[in-house]
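S.K.: I'd like to go over a predicted model; first the sequence, then the structure.
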Amino acid sequence: MSPDSYASSAPALEIHGLRKRYGTVQALDGISFAIARGEYFGLLGPNGAGKSTLINAIAGLVRSDTGSIRVLGHDHLREYRQARRLIGVVPQELVFDPFFSVEEVLRIQAGYYGCGPEAGLWIEQLIERLELGGKRAASMRTLSGGQKRRVMLAQALVHRPAVVILDEPTAGVDVELRRTLWSFTRELHAQGITVVLTTHYLEEAQALCSRIAIVDHGRVRVIESTEQLLARHPFRFLRLKLADGAQLPEALQALVMSRVNDTMELKLERGKHPIGGVFAVLKSAGVAIEDVATREPTLEDIFIELTGGERA
Amino acid sequence: MPEIGFAPEMRRRPPRFSNRRGFWTLTVKEIRRFWSVLGQTVTAPVVTAMLYLLVFAHVLGGRSSAYPGVSYIAFLVPGLMMMSILQNAFANTSSSLTQSKIMGNLVFLLMAPVSPLEFFGAYVIAALLRALLVGLAYWVATWPFVHLLPAAPLMLMSMFLLAGASLAVLGLIAGIVASKFDHLAAFQNFFIMPLTFLSGVFFSVHSLPGIWSQVARFDPFFYMIDGFRYGFIGAGDAPIGISLAWAAGFFIAVSAVCLWLLRRGYRLRM
Ligand SMILES: Nc1ncnc2c1ncn2[C@@H]1O[C@H](COP(=O)(O)OP(=O)(O)OP(=O)(O)O)[C@@H](O)[C@H]1O
Ligand SMILES: [Mg+2]
């Protein structure tokens, strides 16, 4: 690999026909897609969808049964050295080596990638940026969960990968650290690094990702830009609180999505159910309204629709 | 915010055939792992071997060694030394690999551009260093009892390297296959311990009843111990060339199996 290959036209990740079976579970059932360089890509799907299996296959931790993976044009098996140098993966599970300190762990990780003392400055910057300065000499076993997760992120970045893959980095993380992780990955992305993120927080995916794949039962259900995905469903939601004792007219019952106490949410199809029409029906039935609000669909609504109501 | 991106020095061509820095990093890490607990990894096995020496030298001290001019204790010490070397070479690789597999931190190594051969070499070298320390410490500790000086230093070194490396590789294989520490303990107690113990450490196999001396002829551990002892006392049950050939053959065989497993990612890359 020459430095020029970064400038070649190969996508950041190219996955073709990936299958993986565990006993009776088809964890990956023919996954094919590509991620362009510089994308901030979201990988969503319910528990057990196959997201981690896919990520681990890219990282070389899982052997797929069939299919191929290319990282910036390098086959991840035949040219594993080049491919592995180009990616940094933060695994989902919190894992650490209890024998070493934070700084040692990072130096060792850099060493595995062939980086020596020249990586020292970069490691220092990572420690500062991830607010691990006070813990640099602390043994890994003494760190809190969130601190360990930050070390794992630094470990994935020690060799300055071109593609960073984060498997649920914000699971079990406090609000402040979540904000730090968001801004940090945004900065990485702004530097031209391709970021792939899995998360069960759909607002997070909506806020960060420019393109999203929804995976379920080992298959890619949809892969679209976040905007397209949000525009995909011509719905909006109307939240109504009726005056005491008032009943919703029969004609509107079919539109009700959910009810919490006396507040109900109606799902309206644009064009077919104009909001004005709903008010007209209420008025002619003489139903008094106490409160009203509208809501645009979120990724969560679309997700639920696409994965058949399973939780994210 | 520091600049992120490819610093020129890191953009250089990644080596296609070797990641020497990765290899040394792993070697040093493995050395540090046992070095930080030398009491457990070196002192304890030396104490164990000293106890064997005291008990057996006391019980069997009056015996002759089956070799003219060689005291029983001079026969016994090299055997016990080799037994400790073998057991500790095995323990180092197997416990380290199993531990990082169970803790899950092995993924950080498996994701890195370290080849199967580099992986293999680093673990084996660290285990050999521990085995060497155990052997040297034992040699020093037994000095008051018997002044052993190698009669054939080159043979001694060769047997140490081949036998120690073979057991380090067996430890790697055990670490790859084991999914919990119980498996490792079983392997150690039912395979490594009896084989090292019964393969001529305490007496010449010629003094064993017929069938057992025949069995020993196909036991690589017997050749490793016999050949190592030859390095000290210049005599052995088997011709030194045969012992050397057995040790080398065994090393090649276990290494081939281990490298094949590593290349396939057997039980490491699910
Ligand atoms: N090592 C394994 N052995 C057996 N089955 C496995 C293994 N790893 C994953 N699976 C199965 O493969 C399927 C996909 O799992 P995977 O971890 O990829 O899901 P996921 O999308 O990451 O889920 P989550 O959101 O819960 O992390 C699941 O049914 C899981 O039980
Ligand atoms: Mg997962």
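M.R.: Noted; the coordinates are in hand. Numbering: from 1, shown residues only, chains lettered A, B, ... in the order given. Ligands and ions are numbered 1, 2, ... in the order given.
S.K.: quick one: the helix or strand harbouring residue B:174 near chain A?
M.R.: Using DSSP states H and E, residue B:174 sits in helix B:153-177. No. Helix B:153-177 stays clear of chain A (C-beta under 8 Å from any C-beta of the partner chain), getting no nearer than 14.3 Å. Yep, even glycine has a C-beta here, placed from its N, CA and C like the rest.
S.K.: what comes up buried for that helix?
M.R.: Residues of helix B:153-177 classed as buried by neighbour count (16 or more other C-beta atoms under 10 Å in any protein chain shown): B:155-156, B:158-176.
S.K.: is the next helix or strand after that helix anywhere near chain A?
M.R.: Downstream of helix B:153-177, the next assigned helix or strand under DSSP H and E is helix B:181-187. No. For a cut-off given as C-beta under 8 Å from any C-beta, helix B:181-187 has no contacts with chain A; the smallest distance is 15.6 Å.
S.K.: Surely residue A:106 touches residue A:130?
M.R.: No. Using C-beta atoms under 8 Å, residue A:106 makes no contact with residue A:130, being 10.2 Å away.
S.K.: okay, and the common contacts of the two?
M.R.: Residues touching both residue A:106 and residue A:130 by C-beta atoms under 8 Å, 6 or more residues apart in numbering or on different chains: A:151, A:154.
S.K.: which one of these two has more residues nearby?
M.R.: Shown here are residue A:106 and residue A:130; by other C-beta atoms under 10 Å in any protein chain shown, residue A:106 has more neighbours (25 against 21).
S.K.: dump the residue contacts of the more buried one.
M.R.: Contacts of residue A:106 (C-beta under 8 Å, 6+ apart): A:123, A:126-127, A:151, A:154-155, A:158.
S.K.: Also residue A:195?
M.R.: A:39-41, A:163-166, A:185, A:188-189.
S.K.: Could you list everything it pairs with in the sheet?
M.R.: residue A:40, residue A:164 (DSSP bridges).
S.K.: just to revisit the earlier point, overlap between the contacts of residue A:106 and the residues near chain B?
M.R.: residue A:155.
S.K.: Phi first, then psi, for the residue lying closest to residue A:66 once chain neighbours are set aside.
M.R.: Ranked by C-beta to C-beta, 6 or more residues apart in numbering or on different chains and with sequence neighbours excluded, the top spatial neighbour of residue A:66 is residue A:19, at 4.8 Å. Per-residue torsions, residue A:19: phi -130, psi 140 (degrees, to the nearest 10).
S.K.: neighbours of residue A:19, just the number please.
M.R.: 16.
S.K.: For it, give me the pLDDT.
M.R.: Note for residue A:19: predicted pLDDT of 97.
S.K.: Which parts of the stretch 1-150 of chain B are strands?
M.R.: Counting by DSSP state E, counting those that start in this stretch, one finds no strands in the stretch 1-150 of chain B.
S.K.: Write out the residues of it neighbouring ligand 1.
M.R.: Within the stretch 1-150 of chain B, no position is adjacent to ligand 1 by C-beta under 6 Å from any ligand atom.
S.K.: Quick one, which of the contacts of residue A:195 are buried?
M.R.: The buried subset of the contacts of residue A:195 - by 16+ other C-beta under 10 Å - is A:39-41, A:163-166, A:185, A:188-189.
S.K.: Next, format those as CSV and append pLDDT and distance to residue A:52.
M.R.: Below are those laid out as CSV (pLDDT from 0 to 100; distance: C-beta to C-beta, whole Å):
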residue, pLDDT, distance to residue A:52
A:39, 96, 20
A:40, 97, 19
A:41, 97, 16
A:163, 97, 17
A:164, 97, 16
A:165, 97, 10
A:166, 96, 11
A:185, 94, 18
A:188, 94, 21
A:189, 96, 22
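S.K.: Which elements pack onto the lowest-mean-pLDDT helix or strand in chain A?
M.R.: Least confident helix or strand of chain A, by mean pLDDT, DSSP states H and E, is helix A:299-306 with a mean of 77. Applying 3 or more C-beta pairs under 8 Å, 6 or more residues apart in numbering or on different chains; DSSP states H and E, one finds that helix A:299-306 contacts helix A:202-208, strand A:211-216, helix A:226-231.
S.K.: what's the most buried one of these?
M.R.: Mean neighbour count (mean count of other C-beta atoms under 10 Å in any protein chain shown) peaks for strand A:211-216 among the helices and strands packed on helix A:299-306, with a mean of 23.
S.K.: how about that one, does it get close to ligand 1?
M.R.: No. Strand A:211-216 is not in contact with ligand 1 by C-beta under 6 Å from any ligand atom; minimum separation 6.8 Å.
S.K.: likewise stretch A:34-49?
M.R.: Yes. Counting by C-beta under 6 Å from any ligand atom, ligand 1 has neighbours in stretch A:34-49: A:45, A:47-49.
S.K.: count of residues packed around the residue nearest to residue B:197 when sequence neighbours are not counted?
M.R.: Computed as C-beta to C-beta, 6+ apart, the closest residue to residue B:197 that is not its neighbour in sequence is residue B:83, at 6.8 Å. Using other C-beta under 10 Å, residue B:83 has 27 neighbouring residues.
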